[in-house]
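1. next come a sequence and a model predicted from it.
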Amino acid sequence: MNPMNRTTLSQRLKSYKHSPLSFFLLLCVLLATFLTVAILVILVGYILYKGIPNLNLSLFAWEYNTENVSMMPAIINTITMTLLSLVIAVPLGVGAAIYLVEYARRGNKIVGIIRITAETLSGIPSIVYGLFGYLLFVIACGFSYSLLGGALTLSIMILPLIMRTTEEALKAVPDSYREGSFGLGAGRLRTVFQIVLPSAVPGILAGIILAIGRIVGETAALIFTAGTVAGIPDNLLGSGRTLAVHMYALWNEGLYTQQAYATGVVLLLVVIFINALSSFLAKKVTAR
């Protein structure tokens with residue numbers, strides 16, 4: 001070991017002797033880190049162990065039936081549901097965050113109410129969103145069980161998440177960027193879209209990644225709004241199940257538990273791929 005490292009280590013040990021609380025907090029942090037990594041490894045390993053042996057080509061057939069129990073319609077419905085939900089929620093969430101940070105007066109009571117409301121909505125269980133979507137979109141609006149009703153419900157679910165993460169990303173942009181833009185004669189609108197937003201893109205994408213993870217893994221809200229039809233609908237007003245709902249339905253029936261494990265593997269890979277792609281795009285945008 002390097003003598004410099006030995007000296008640093010001995011100094012840290014001496015400081016911990018004089019401050020037992022710091023040593024206790026260090027142990028808590030290390031324990032939390034170990035538990036987080038261990039649970040993730042065990043969870044992923046268990047899903048792969050149980051699911052990979054049950055993967056076969058029949059699970060990726062274009063049409064679903066009771067013999068192949070294909071997940072291909074669910075994969076397509078998941079992609080459609082994710083894109084549609086993001087198209088609805090991202091502009092509204094980012095626009096609301098821009099207003100709260102860049103245009104609303106600081107100390108405004110309405111802004112405080114909006115933020116408290118967004119934080120409250122973030123903690124509501126998904127099944128409550130499902131019941132709300134059922135009453136509003138399925139019954140009141142007459143959409144019946146449809147991808148559109150499910151996407152609208154999910155967009156309401158992820159809207160507070162996107163809004164709050166975007167708001168924090170915009171606040172992290174130094175005020176000197178805005179002042180420099182104003183000093184060069186740029187207006188507020190140009191400053192927001194050409195200076196502030198590009199600087200906040202990594203934080204905004206982080207919120208979108210979290211929103212995608214919630215969309216892909218959602219079941220309760222979609223059962224009440226999008227339905228559980230195992231097929232690809234002809235249009236957005238048709239019913240269809242996503243991968244998470246498909247896995248839940250297979251497990252709940254009790255006849256296709258092995259196929260449910262295989263569906264879990266595909267769902268896990270889809271989430272990992274989406275996160276990796278989003279991180280790659282965030283790095284590219286940041287580099288530019």
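-> Structure received. Everything numeric in this text was worked out from a predicted model, so none of it was measured.

2. where in this protein is pLDDT low?
-> Residues of the chain meeting the criterion pLDDT under 70: 1-19, 107, 285-288.

3. where exactly do the helices run in it?
-> Assigned by DSSP state H, the chain shows helices spanning 3-18, 20-51, 72-98, 109-122, 126-133, 147-171, 175-183, 188-191, 197-216, 220-225, 243-253, 257-287.

4. to Leu236, which of the ones you listed lies closest?
-> Comparison of the helices of the chain against Leu236 by Cβ to Cβ identifies helix 147-171 as nearest, at 4.3 Å. (Each C-beta comes from the backbone N, C-alpha and C, glycine too.)

5. mean neighbour count and distance to Ile139 for the helices of the chain - can I get that in a markdown table?
-> Output for those, formatted as a markdown table (neighbours: other Cβ atoms under 10 Å; distance: least, Cβ to Cβ, whole Å):
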| stretch | mean neighbour count | distance to Ile139 |
| --- | --- | --- |
| helix 3-18 | 10 | 62 |
| helix 20-51 | 11 | 37 |
| helix 72-98 | 20 | 20 |
| helix 109-122 | 13 | 21 |
| helix 126-133 | 18 | 10 |
| helix 147-171 | 24 | 10 |
| helix 175-183 | 13 | 46 |
| helix 188-191 | 14 | 41 |
| helix 197-216 | 19 | 23 |
| helix 220-225 | 24 | 11 |
| helix 243-253 | 20 | 20 |
| helix 257-287 | 16 | 30 |
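
6. go ahead and confirm Tyr145 touches Val229.
-> Yes - between Tyr145 and Val229 there is a contact at 7.5 Å, judged by Cβ atoms under 8 Å.

7. how near is Ser176 to Ile223?
-> 49 Å (Cβ to Cβ, to the nearest Å).

8. Met163 now?
-> On the measure of Cβ to Cβ, Met163 and Ile223 end up 26 Å apart.

9. Gly264 now?
-> Separation of Gly264 from Ile223 (Cβ to Cβ) stands at 18 Å.

10. how is the protein divided into domains?
-> Domain assignment for the chain, taken from automatic domain parsing, gives 3-54, 57-287.

11. returning to that earlier point: overlap in contacts of Tyr145 and Val229?
-> By Cβ atoms under 8 Å, 6 or more residues apart in numbering, Tyr145 and Val229 have these common neighbours: Ser239.

12. with neighbour numbers in mind, choose between those two.
-> Ranked by neighbour count (other Cβ atoms under 10 Å), Tyr145 and Val229 place Tyr145 first, with 22 against 17.

13. what's the closest residue in space to that one that isn't next to it in sequence in contact with, if anything?
-> The shortest distance from Tyr145 to any non-neighbouring residue, by Cβ to Cβ, 6 or more residues apart in numbering, is to Gly227 (3.2 Å). Going by Cβ under 8 Å, 6+ apart, Gly227 touches 145-146, 239-241.

14. make CSV out of the residues you listed and add distance to Gly254.
-> What follows is these, written out as CSV (distance: Cβ to Cβ, whole Å):
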residue, distance to Gly254
Tyr145, 23
Ser146, 28
Ser239, 23
Gly240, 23
Arg241, 17
